[in-house]
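Peer 1: Attaching a predicted model along with its sequence, questions to come.
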Amino acid sequence: MLRAALPLLGLPLAGAGATEEPTQEPGSPAEPPPGLALFRWQWHEVEAPYLVALWILVASLAKIVFHLSRKVTSLVPESCLLILLGLVLGGIVLAVAKKAEYQLEPGTFFLFLLPPIVLDSGYFMPSRLFFDNLGAILTYAVVGTLWNAFTTGAALWGLQQAGLVAPRVQAGLLDFLLFGSLISAVDPVAVLAVFEEVHVNETLFIIVFGESLLNDAVTVVLYKVCNSFVEMGSAKVQATDYLKGVASLFVVSLGGAAVGLVFAFLLALTTRFTKRVRIIEPLLVFLLAYAAYLTAEMASLSAILAVTMCGLGCKKYVEANISHKSRTAVKYTMKTLASCAETVIFMLLGISAVDSSKWAWDSGLVLGTLFFILFFRALGVVLQTWVLNQFRLVPLDKIDQVVMSYGGLRGAVAFALVILLDRTKVPAKDYFVATTIVVVFFTVIVQGLTIKPLVKWLKVKRSEHHKPTLNQELHEHTFDHILAAVEDVVGHHGYHYWRDRWEQFDKKYLSQLLMRRSAYRIRDQIWDVYYRLNIRDAISFVDQGGHVLSSTGLTLPSMPSRNSVAETSVTNLLRESGSGACLDLQVIDTVRSGRDREDAVMHHLLCGGLYKPRRRYKASCSRHFISEDAQERQDKEVFQQNMKRRLESFKSTKHNICFTKSKPRPRKAGRKKKDGVANTEDTNGKSRDLGFQDTAAVILTVESEEEKESDSSETEKEDDEGIIFVARATSEVLQESKVSGSLEVCPSPRIIPPSPTCAEKELPWKSGQGDLAVYVSSETTKIVPVDMQTGWNQSISSLESLASPPCTQAPTMTRLPPHPLAAEEPQAPLDLPSDPHPSFAFPPSLAKAGRSRSESSADIPRQQELQPLMGHEDHTHLSPGTANSHWCIQFNRGGRL
Amino acid sequence: MGAAHSASEEVRELVGKTGCHPLLSRDVAASWPHSLTVSSDQIEQLHRRFKQLSGDQPTIRKENFNNVPDLELNPIRSKIVRAFFDNRNLRKGPSGLADEINFEDFLTIMSYFRPIDIAMDEEQVQLCRKEKLRFLFHMYDSDSDGRITLEEYRNVVEELLSGNPHIEKESARSIADGAMMEAASVCVGQMEPDQVYEGITFDDFLKIWQGIDIETKMHVRFLNVETMALCH
């Protein structure tokens, strides 16, 4: 692929105006005839953008090729490969065009290539971690960079004085300081490229990375100051100039940060009002961030700092304001742009190095620089760490220091800066260029290659990748509060105190100003985690074809506090709370055991019909997906479906099969049909079919969930991991459903085990899965996000309209009113062991009939939920296609496993 | 300033009485072998603050904490204040609340927030970690039965979220429920169908925290920094 791309590049590079594009060749007339041209070749008009596109394409293709082999990429950082590729390409260009072209232009680099990378890193910077380590980061960025610049510059000058640098390198102390200032800064692009693959622990990463971002201000200032000194000539530099230099450090850094924050504020504020024009939300993020960069650049402030602060500052509010889809769009666009830019930078670096006309070699200078930057970096890190460790709660140990020193990679920023030097003012520019290239190549390639083995060998604490858990989040919040409180008690205004203050301020003013009201309301970190986990859980639930039932959830009912749970049942929430209510499915689940009497047989009856409407939903879903303006609705629908499915399954898991309902039932024909179906279903084979039908439907939905997945942008990576997928031979289904049939009947409601087993057995898909063991999914939290609430309500109301005249009679459960039961549930588990009566089986049809009746009376809202399903119920659809879907399932399972 | 002076005198007195760092009591010393690195400067500092809180009384009562204005905004303030008087945290008994605490108790509580010493070996770090977590655990387990029940958990979560008036109790509850289920799944793994998860025991609690660095999370810097600031 790569080889094929090369000539493509080479040809335009040759500079021939009539270069043919291979892609356009077919069908193009050979010669443009005079007069009206049938075909005109206008290479020059498209040349610039065409070349840009081609470069990016080549870089991307190269990336693909690199990643074809996992072995290579696991050993060699991508940046190394790209640089090498650049060298090769540069060589080819040089050979073809006889002159070096397409180099890394400083202008292009600073205006177009750098901003996306910095924005990406700023925006996705783990802000908590960043601020927790801000002290260390600032120290390394400011003190470290100054130290590196001055020591390297001075040492090189000393080297020259000692005669180790060839005399043709005409440079004075100032020149060397200038060179030192540009070569000393750790480069964010290189660091990011290498460290992202190394996976050191997060503290170490944030320190090295944060340093590389924040040292930009220092680099810029040093570079500018030295450069102007050099241009003025050292004789004319006065004491005030030095003072000005120091002052400009503050101006540039604080000014840059301020510009960034101002734009972050604007950005957050703007996104607050984009409710009706969701489509431009991502665009706004990029535009304003870029504007921040350009503004800072214009005012010769630190542009990198500006964008970093902009990204860092706006993220919280922007994420709260913009829609899910926009969030995804922002995320992927940002990542794409950054990765593009990074790729191009490294490739261009390689290409630029080929141009020998620009550089002049001096071994003394090159070797000296290499040695000094490594040595002083290490020395600086050790010294600073020693000081920092006096203050740090978690000291940085020796290994960390080694990695930090070794991770000081130089990169394209240094190269671009050195290219910017004025040869007339800095006579040694060519030597500096050569040295910079060598340093950059050395750090990126040699250090980049070896840092991974080094990290392994030193056993650096790696980042532990664990999924966020709700408990962890809760506990950490508690910790934060405790610490703030303890600082209050002790009367010491430390870090926690100020963080706490800031959070109060943020909550009181900033968030209110910058967040949409709806977003602000539910804005809470704990809630966010909950929300995310729920989404992830929902996805995994669907991925598993609806088999997930966290056993733990089901055991909860045994807890003494059950009654309160009962109050939060779905129906109640839907009817009463109406706003922002969270529908916790687990809660629903547990509740239902008390108040709704549902049974699996009923489920068997329904399942054929249950998924019919869902399929239709599917279709409409994808339609909405395409049309932009319906995004929100689509979100809701997917969620809704998800919810519903779970609800169904949970309902059916209700073990309280024991009701004897003497209900007057205003049942409709559909229901009756159901009963009929149920009767015919007595055979296990039939019910199995139904089960498959179910699963098939579930699979259908998976794709849409995939979309959902991308919505919940944070979760995608881990989604798969959390899924516990157990498949069993289908042969077991038969037995299982038999068992379930017998288990269904419980003599007394009180002894009904709120345990999942019963439920699982009853569920067609459960039995299809054939695993009686309780699944414990690692993400067990379920929630219906608040914004789904309206969706719910909508769906419910629509269902209502479908439903038969609501049966208004109060549920008359002869055996036991639902509420008391709910209250008494806590005791139920205790009786558990005694309850099983597997031997006593109602005739399934009887049980079913009874249940369906009871179901109708149990709870009106619930009925309404079920209604539509029944309305569409059509048992003729039950068997057709079951075989297919069955196979589909099997296949799917195989794949997943 | 007179108070401060007398405070340090008192400290010296205590130092004289019991050895090098008497204010960290025997129990503290026993379980925190390395906690004795608290300098007398720090102790003096804390003592000064203690006096300030107590209004120059030898003991602090709950009401004294009302005088800390910054505490007011803390959503879990009552829980935290309670923790100061919790006998379990004070190592005075398996349950119950103390009415008042003296300076030594105060220091005992403070010692939970000590940073981990570099010099500690693995075992001590573990011990230290456990102590810190125990403090947190006790805060959750308000009825001292060694178990965080759902009810207790909900309580905490509700308080945690009480800072945001827009989040309803139901939400807090369901979050707590979710967390509880998560805890159950982490701790028990695959549960038997008829198994009942009654609450998070301390062992379970440790399990939940497995792999999470708390070293950075339950420290208060003052115990470190002020030595620097006050060191001669």
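Peer 2: Perfect, I can see it now. Numbers count the residues shown, from 1 in each chain, chains lettered A, B, ... in the order given.
Peer 1: Any regions of the chain where pLDDT drops low?
Peer 2: Just so you know, I chose chain A. In the prediction, chain A carries residues with pLDDT under 70 at positions A:1-34, A:100-101, A:234, A:393, A:463-468, A:492, A:519-526, A:544-897.
Peer 1: Chain B was what I was after
Peer 2: Checking chain B against pLDDT under 70 turns up B:1-40, B:115-120, B:164-167, B:189-197, B:211-232.
Peer 1: what about the helices in it?
Peer 2: B:2-18, B:26-31, B:40-54, B:77-85, B:87-90, B:103-110, B:122-140, B:150-161, B:169-188, B:202-209, B:222-230 (DSSP state H).
Peer 1: helices and strands around the third one, which ones?
Peer 2: Spelled out, that is helix B:40-54. For helix B:40-54, the elements it packs on are helix A:470-490, helix B:2-18, strand B:59-61, helix B:103-110, helix B:222-230, judged by 3 or more C-beta pairs under 8 Å, 6 or more residues apart in numbering or on different chains; DSSP states H and E. Heads up, the C-betas are built off the backbone N, CA and C, glycines and all.
Peer 1: please redo it, this time with the cut-off set to 10 Å
Peer 2: Judged by 3 or more C-beta pairs under 10 Å, 6 or more residues apart in numbering or on different chains; DSSP states H and E, helix B:40-54 is in contact with helix A:470-490, helix B:2-18, strand B:59-61, strand B:100-102, helix B:103-110, helix B:222-230.
Peer 1: quick one, phi psi at the nearest residue to residue A:203 once chain neighbours are set aside?
Peer 2: Leaving aside its sequence neighbours, residue A:203 sits nearest to residue A:133 (C-beta to C-beta, 6 or more residues apart in numbering or on different chains; 6.3 Å). Dihedral pair for residue A:133: phi -110, psi 20, per degrees, to the nearest 10.
Peer 1: quick one: residue A:133 and residue A:201 touch, right?
Peer 2: No. Residue A:133 lies out of contact with residue A:201 (C-beta atoms under 10 Å); the separation is 11.7 Å.
Peer 1: More neighbours: which of the two?
Peer 2: Using other C-beta atoms under 10 Å in any protein chain shown, the more surrounded residue of residue A:133 and residue A:201 is residue A:133, with 24 against 16.
Peer 1: Could you count how many residues lie near residue 128?
Peer 2: All of this refers to chain A. There are 13 residues near residue A:128, going by other C-beta under 10 Å.
Peer 1: hmm, I had chain B in mind actually
Peer 2: So residue B:128, with other C-beta under 10 Å, has 25 neighbours.
Peer 1: Repeat that for residue B:130.
Peer 2: By other C-beta under 10 Å, the burial measure for residue B:130, its neighbour count, is 16.
Peer 1: what residues are up against it?
Peer 2: Contacts for residue B:130 (C-beta atoms under 10 Å, 6 or more residues apart in numbering or on different chains) come out as B:31, B:137, B:202, B:205, B:206, B:209.
Peer 1: Looking at those, which is nearest chain A?
Peer 2: Minimum distance to chain A across the contacts of residue B:130 is 7.3 Å, recorded for residue B:209 (C-beta to the nearest C-beta).
Peer 1: Is there a quick ChimeraX command that grabs whichever of the contacts of residue B:130 are buried?
Peer 2: Buried residues among the contacts of residue B:130 (16 or more other C-beta atoms under 10 Å in any protein chain shown), as a ChimeraX selection:
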select /B:137,202,205,206,209
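Peer 1: pretty sure residue A:415 contacts residue A:434?
Peer 2: No. When contacts are counted by C-beta under 10 Å, residue A:415 is not listed as touching residue A:434 (11.1 Å).
Peer 1: who has more neighbours, the two?
Peer 2: residue A:415 (28 against 21).
Peer 1: Please report how far that one lies from chain B.
Peer 2: 37 Å (C-beta to the nearest C-beta, to the nearest Å).
Peer 1: Next up, identify which helix or strand that residue is on.
Peer 2: Taking DSSP states H and E as the criterion, residue A:415 maps to helix A:412-420.
Peer 1: that's a helix at residue A:405, yeah?
Peer 2: Yes. Judged by DSSP: H, G, I helix; E, B strand; the rest coil, residue A:405 forms part of a helix.
Peer 1: can you pull the contacts of residue A:133?
Peer 2: Contacts of residue A:133 by C-beta under 10 Å, 6+ apart are A:140, A:202-207, A:210-211, A:388, A:392, A:394, A:396, B:216.
Peer 1: any idea how far it lies from residue A:217?
Peer 2: Residue A:133 sits 18 Å away from residue A:217, taking C-beta to C-beta, to the nearest Å as the criterion.
Peer 1: And residue A:509, by the same measure?
Peer 2: Relative to residue A:217, and taking C-beta to C-beta, residue A:509 is found at 28 Å.
Peer 1: Just give the closest residue to residue A:122, not the sequence neighbours.
Peer 2: residue A:311 (3.0 Å).
Peer 1: Let me see the contact set for the one you found.
Peer 2: A:118-125, A:127, A:260, A:263-264, A:267, A:285, A:289, A:292, A:318, A:334.
Peer 1: what do you get if the cut-off is 8 Å, keeping everything else the same?
Peer 2: A:118, A:119, A:120, A:121, A:122, A:123, A:124, A:125, A:260, A:264, A:289 (C-beta atoms under 8 Å, 6 or more residues apart in numbering or on different chains).
Peer 1: Spatially, and excluding backbone neighbours, which residue is closest to residue A:299.
Peer 2: residue A:255 (6.7 Å).
Peer 1: tell me what the helix ranked longest in chain A is packed against?
Peer 2: Longest helix in chain A, counting residues (DSSP H): helix A:239-271. With contacts defined as 3+ C-beta pairs under 8 Å, 6+ apart, helix A:239-271 has these neighbours: helix A:202-232, helix A:281-298, helix A:303-321, helix A:511-514.
Peer 1: packing partners for the shortest one?
Peer 2: Taking 3+ C-beta pairs under 8 Å, 6+ apart as contact, the helices and strands that helix A:511-514 lies on are helix A:239-271, helix A:303-321.
Peer 1: ok, and which of those has the densest surroundings?
Peer 2: helix A:303-321 (a mean of 27; mean count of other C-beta atoms under 10 Å in any protein chain shown).
Peer 1: Specify the angle between that helix and helix A:281-298 in degrees.
Peer 2: 160 degrees (axes from the mean of the first three to the mean of the last three C-alpha atoms, to 10 degrees).
Peer 1: What is the subsequent helix or strand relative to helix A:303-321?
Peer 2: Per DSSP H and E, the helix or strand that comes after helix A:303-321 is helix A:324-354.
Peer 1: Tabulate the CA atom coordinates of stretch A:271-286 in CSV.
Peer 2: This file holds the C-alpha atoms of stretch A:271-286, laid out as CSV (Å, rounded to 0.1, in the frame of the first residue of the first chain):
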residue,chain,number,x,y,z
THR,A,271,-22.6,26.2,24.3
ARG,A,272,-25.2,27.0,26.9
PHE,A,273,-27.4,28.4,24.2
THR,A,274,-27.0,25.9,21.4
LYS,A,275,-29.9,23.9,22.4
ARG,A,276,-31.6,24.3,19.1
VAL,A,277,-28.6,24.2,16.9
ARG,A,278,-26.9,21.1,18.2
ILE,A,279,-25.2,20.6,14.9
ILE,A,280,-22.7,23.4,15.4
GLU,A,281,-21.7,22.5,18.9
PRO,A,282,-18.6,20.6,18.0
LEU,A,283,-17.6,23.3,15.6
LEU,A,284,-17.9,25.9,18.3
VAL,A,285,-15.5,24.0,20.5
PHE,A,286,-12.9,23.9,17.8
